[in-house]
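A.B. asks: Have a look at this prediction, sequence included:
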Number of protein chains: 2
Amino acid sequence: MNAAISTNIKPTKGEETRAAILDAAVRMAATDGFAALTIGVLAEKTGLSKSGLFAHFGSKEDLQIATLDEATRRYNEVAFVPTLRAPRGLKRLEALAENWLLWIERSELKACPMMAALAEFDDQPGAVRDALVQHMQRMNDEIIRAVQMTIDAGEFMPQTDAAQFAFEMFGIVATCYRSRSLFLDPQANDRARVAFRRLVASCRASAPRTGT
Amino acid sequence: MNAAISTNIKPTKGEETRAAILDAAVRMAATDGFAALTIGVLAEKTGLSKSGLFAHFGSKEDLQIATLDEATRRYNEVAFVPTLRAPRGLKRLEALAENWLLWIERSELKACPMMAALAEFDDQPGAVRDALVQHMQRMNDEIIRAVQMTIDAGEFMPQTDAAQFAFEMFGIVATCYRSRSLFLDPQANDRARVAFRRLVASCRASAPRTGT
DNA sequence: TACATAATAGAACGACCGTTCTATTATTGG
DNA sequence: CCAATAATAGAACGGTCGTTCTATTATGTA
């Protein structure tokens, strides 16, 4: 039942199927939203029967949560973990922003499933919303940590409000996604980068030691 | 049939009912999202029969569009038009931001129906999306106009990118809404104001250095 | 007041929803 | 290789969806 962390030694048949289902589910949630993530359509898309697919999850709610978890897992793998190779401080913070902007394209998704979930569950109480809040909270905390490191490195002014920075950075990224999907704005990424640079500039310590 | 602009002299019965339906629809879309805006539930909530309610709109899509139009109409009435009383320039731009942040509470809604629509239709082609894009485009254009006026008034630097400003301002407001509904953050409004002040400061003609 | 018309109700439709049950097939460990 | 078990299929369920049809009631007008 708990295929949350699959050991790399024995991928059983059921786990493989489940992974394939979740892949289709993440892709579908990103493209059409979580509301369109129905069991019938998902079964058709994966070549399974409704009941066969259903058996992998006890309920639709569990399927939605599993999809959300999988999306988060991919974000961490593709976007977050690589930033840890960047040196602590502004470099890593910038990597965090850039990877966040680009992880969708790197994952070959049409849109961000988490942004879709944000929209559909932010107001509806339930287990899905709870899981979502937790994921978002964790992402927010990671930004705050990165900002704090930048402050500690002397690159940001000591009085910089890390939570405020995270708030604004989240907004920039979210708006970038919206601008891309709604207005199909090809400049969205660049606009987001300008906004981020403006945000960073306002927090810089007076004597930045970037040099090279 | 076209009750789009009701003259103030003869509100016929059908128009009254339609207005009552749209009021419930807007309220419901804000609270539970457009996906939850089903004809059955809406009929129950307005005390009408499904078919009786349905007759006011030719299809569900038309109902959704009418709901979107009504929400936009209210935004204009409650938030946008009042800003025209503020003097052109920074004062009016600030009024635009502040009214945008507060119009929900002033309309006694639980959340912003347009933000909900943004989330659910930004990726799904159709007439609803088209209407939504048009509304959002118009709001964006109004921000750009207000920024341009601020530039013309000499309060913003001449090289200020008005479209970039609108992009960032939209992001700040949207994030404020998200932060309120998802994290239930009581500081969201203040954070949005701080972000907006930072954005304004970076465009100021005399360019005062930002502290926070 | 009578009548044309607008407004609404009620029942029914096919489609799809999530879910459950039972039966069948595939996988795997001893 | 064979039994135990996991994985999947198929059919059926009650419910709700949007929509259509027909009938009935309310409204506005001449």
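C.D. replies: On my side now, so go ahead. Numbers count the residues shown, from 1 in each chain, chains lettered A, B, ... in the order given.
A.B. asks: For the residue in chain A that chain B sits nearest to, which non-adjacent residue is spatially closest?
C.D. replies: Using C-beta to the nearest C-beta, the single residue of chain A nearest to chain B is residue A:119, 2.4 Å away. (Each C-beta comes from the backbone N, C-alpha and C, glycine too.) In space, and not counting its chain neighbours, residue A:119 is closest to residue B:119: 2.4 Å by C-beta to C-beta, 6 or more residues apart in numbering or on different chains.
A.B. asks: and the helix or strand where residue A:18 lies, does that touch chain B?
C.D. replies: Using DSSP states H and E, residue A:18 maps to helix A:13-32. Yes - residues of helix A:13-32 are located near chain B by C-beta under 8 Å from any C-beta of the partner chain, namely A:31, A:32.
A.B. asks: That helix - contacts with which helices or strands?
C.D. replies: helix A:39-46, helix A:60-75, helix A:113-121 (3 or more C-beta pairs under 8 Å, 6 or more residues apart in numbering or on different chains; DSSP states H and E).
A.B. asks: With mean neighbour count and mean pLDDT added, can I get the ones you listed in CSV?
C.D. replies: Formatted as CSV, the helices and strands packed on helix A:13-32 follow (neighbours: other C-beta atoms under 10 Å in any protein chain shown; pLDDT from 0 to 100):
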stretch, mean neighbour count, mean pLDDT
helix A:39-46, 16, 97
helix A:60-75, 20, 98
helix A:113-121, 25, 92
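A.B. asks: Make CSV from those helices and add distance to residue A:93 to it.
C.D. replies: Shown next, in CSV, are those (distance: least, C-beta to C-beta, whole Å):
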stretch, distance to residue A:93
helix A:39-46, 37
helix A:60-75, 17
helix A:113-121, 20
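A.B. asks: Which among the ones you listed is found nearest to residue B:12?
C.D. replies: Evaluated with C-beta to C-beta, the helices and strands packed on helix A:13-32 place helix A:113-121 nearest to residue B:12, the distance being 37.2 Å.
A.B. asks: List of residues touching the closest one?
C.D. replies: Applying C-beta atoms under 8 Å, 6 or more residues apart in numbering or on different chains, the contact partners of helix A:113-121 are A:26, A:29-30, A:33-35, A:67-68, A:71-72, A:75, A:128-129, A:132, A:135-136, A:174, A:177-178, B:33, B:35, B:116, B:118-120, B:123, B:178, B:182.
A.B. asks: so, in contact with chain B or not, stretch A:191-199?
C.D. replies: Yes - Stretch A:191-199 lies within reach of chain B by C-beta under 8 Å from any C-beta, at A:191, A:194, A:195, A:198, A:199.
A.B. asks: Considering these, which possesses the most neighbours?
C.D. replies: Across these, neighbour numbers were computed from other C-beta atoms under 10 Å in any protein chain shown; residue A:195 holds the maximum, 26 neighbours.
A.B. asks: tell me the contacts of that residue?
C.D. replies: Counted by C-beta under 8 Å, 6+ apart, residue A:195 has contacts A:172, A:175, B:164, B:167, B:168, B:171.
A.B. asks: Would you agree the last one is in contact with residue A:175?
C.D. replies: Yes - using C-beta atoms under 8 Å, residue B:171 and residue A:175 qualify as a contacting pair, with a distance of 3.1 Å.
A.B. asks: neighbour-wise, which of the two wins?
C.D. replies: Neighbour totals were compared for residue B:171 and residue A:175, and residue B:171 leads with 26 against 23 (other C-beta under 10 Å).
A.B. asks: of all the residues of stretch A:191-199 next to chain B, which comes closest to DNA strand D?
C.D. replies: For the residues of stretch A:191-199 next to chain B, the closest approach to DNA strand D (C-beta to the nearest atom of the strand) belongs to residue A:191, at 36.0 Å.
A.B. asks: Is that closest one in contact with residue B:164, as I believe?
C.D. replies: Yes - the pair residue A:191 / residue B:164 is scored as a contact, 5.8 Å apart, by C-beta under 8 Å.
A.B. asks: Show me the shaky parts of chain A.
C.D. replies: Scanning chain A for pLDDT under 70 picks out A:1-10, A:207-212.
A.B. asks: For it, what lies in contact range of DNA strand C?
C.D. replies: A:10, A:12-13, A:37-41, A:50-51, A:54, A:58-61 (C-beta under 7 Å from any atom of the strand).
A.B. asks: Try it again at 6 Å.
C.D. replies: Taking C-beta under 6 Å from any atom of the strand, the part of chain A that reaches DNA strand C is made up of A:12, A:13, A:38, A:39, A:40, A:41, A:50, A:51, A:54, A:59, A:60.
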